[in-house]
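Provide a 3D model corresponding to the input given below.
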Amino acid sequence: MGSRGRFADEEPIHRVVISEDFWLGTTPVTQSQFGVWTKAAGIKHSNHFSGRPDHPAETLSWDEAKGFCEWLTLKFADQLSPDHRIARLPCESQWEYACRAGTKTEYSTGDGEAALRLAGWYGEERNQGSTHAVGELAENEFGLRDMHGNVWEWCRDRWDSDAYRRRWEGITERETYALSERFGRQGDDANRVLRGGSWSDAANGCRSAYRLMDWAGVRIRFFGFRVCLVRSP
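Got it, this is the predicted structure:
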């Protein structure tokens with residue numbers, strides 16, 4: 001994880017061991033998918049770019065993304081794999097592992113903007129002023145799409161700008177999350193991690209290593225999420 005010579009919160013580069021297998025949504029959760037939950041739960045939610053069922057759900061908080069995952073777990077447990085019946089947001093290390101798909105370059109498709117254009121909707125040449133339908137650009141080696149650009153994706157971790165400096169070589173994803181719970185801001189004003197960049201961001205913000213944070217309760221048209229399935233305890 002991480003990069004060198006960019007931003008302090010991305011250093012040092014270090015190796016994280018993914019100790020348990022997991023599944024990650026092929027794309028961000030779409031408006032049509034998110035709408036099933038909000039309608040069933042009686043939750044008022046409006047996408048900024050409404051009426052686009054195949055675009056990512058956005059203008060939603062970390063709390064709402066978490067609520068969607070909890071609903072999936074309860075509602076569809078009997079339809080999920082027996083070994084992976086817990087739906088939740090990915091922790092930050094799981095997200096970066098899935099985004100990189102074995103690469104060490106800026107993007108899963110290589111270095112530079114030419115590589116990003118293959119896989120990501122971002123804000124310099126390609127900005128049409130809104131999100132884009134999911135799944136239209138190249139997938140990475142794990143079969144995942146829209147990991148770069150389109151919408152920022154909420155992660156499970158609390159934000160800690162010194163997170164990487166607290167870690168050791170070979171730390172596991174469970175340990176990275178535990179450290180975020182210990183050292184990240186607590187309480188109602190806690191900040192959570194976002195990854196991946198959005199349709200309005202410059203190419204630099206869509207790199208595999210780039211980190212962002214915001215308050216868990218904020219709703220912005222750039223923020224969405226995807227679902228992670230993990231093993232039952």
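
Determine the number of other residues adjacent to the nearest residue to Asp9 once chain neighbours are set aside.
Nearest non-adjacent residue to Asp9, counting by CB to CB, 6 or more residues apart in numbering: Ser161, 4.7 Å away. For every residue, glycine as well, the C-beta is placed using N, CA and C. When neighbours are counted by other CB atoms under 10 Å, Ser161 registers 14.

Now the phi/psi pair for Ser161, please.
Dihedral pair for Ser161: phi -60, psi -20, per degrees, to the nearest 10.

any idea where the helices of this structure begin and end?
31-41, 62-76, 92-100, 113-119, 173-183 (DSSP state H).

Determine which stretch of those is the most buried.
helix 92-100 (a mean of 23; mean count of other CB atoms under 10 Å).

now it against helix 173-183, angle please.
For helix 92-100 against helix 173-183, the angle by axes from the mean of the first three to the mean of the last three CA atoms, to 10 degrees is 130 degrees.

packing partners for helix 92-100?
For helix 92-100, the packing partners by 3 or more CB pairs under 8 Å, 6 or more residues apart in numbering; DSSP states H and E come out as strand 16-17, strand 23-24, strand 152-158, helix 173-183, strand 191-195.

Columns mean pLDDT on top of the ones you listed, output as TSV?
Shown next, in TSV, are these (pLDDT from 0 to 100):
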stretch	mean pLDDT
strand 16-17	97
strand 23-24	96
strand 152-158	97
helix 173-183	95
strand 191-195	97
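
how about those in TSV, adding distance to Arg231?
Written out in TSV, the entries for these read as follows (distance: least, CB to CB, whole Å):
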stretch	distance to Arg231
strand 16-17	16
strand 23-24	10
strand 152-158	15
helix 173-183	12
strand 191-195	22
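
Contact partners for the residue nearest in space to the middle of the chain?
Centroid-nearest residue in the chain, with CA atoms, centre = their mean: Glu153, separated by 3.2 Å. Glu153 makes contacts with Pro28, Trp95, Leu194, Arg195, Gly196, Phe223, Gly224, Phe225, Arg226, as judged by CB atoms under 8 Å, 6 or more residues apart in numbering.

where does this structure dip in pLDDT?
The chain contains residues with pLDDT under 70 at 124-127.

I figured Trp215 was touching Asp189, is that so?
Yes: look at Trp215 against Asp189 with CB atoms under 8 Å: they come within range, at 6.2 Å.

Between these two, point out the one with more neighbours.
The neighbour comparison of Trp215 against Asp189 (other CB under 10 Å) goes to Trp215, with 14 against 9.

Near the closest residue to that one other than its chain neighbours, how many other residues are there?
Closest residue to Trp215 apart from its sequence neighbours, by CB to CB, 6+ apart: Asn191 at 5.7 Å. When neighbours are defined as other CB under 10 Å, Asn191 has 19 of them.

swap in the one 10 residues further on?
Other residues near Asp201 number 23, with proximity taken as other CB under 10 Å.

quick one, what contacts it?
Contacts for Asp201 (CB under 8 Å, 6+ apart) come out as Tyr122, Gly123, Gly149, Phe222.

and Arg100, what is it in contact with?
Contact analysis of Arg100 by CB under 8 Å, 6+ apart lists Ser108, Asn140, Ser208.

Tell me the one among those residues nearest to Arg4.
Nearest to Arg4, judged by CB to CB, of the contacts of Arg100 is Ser208 at 13.4 Å.

All set, thanks.
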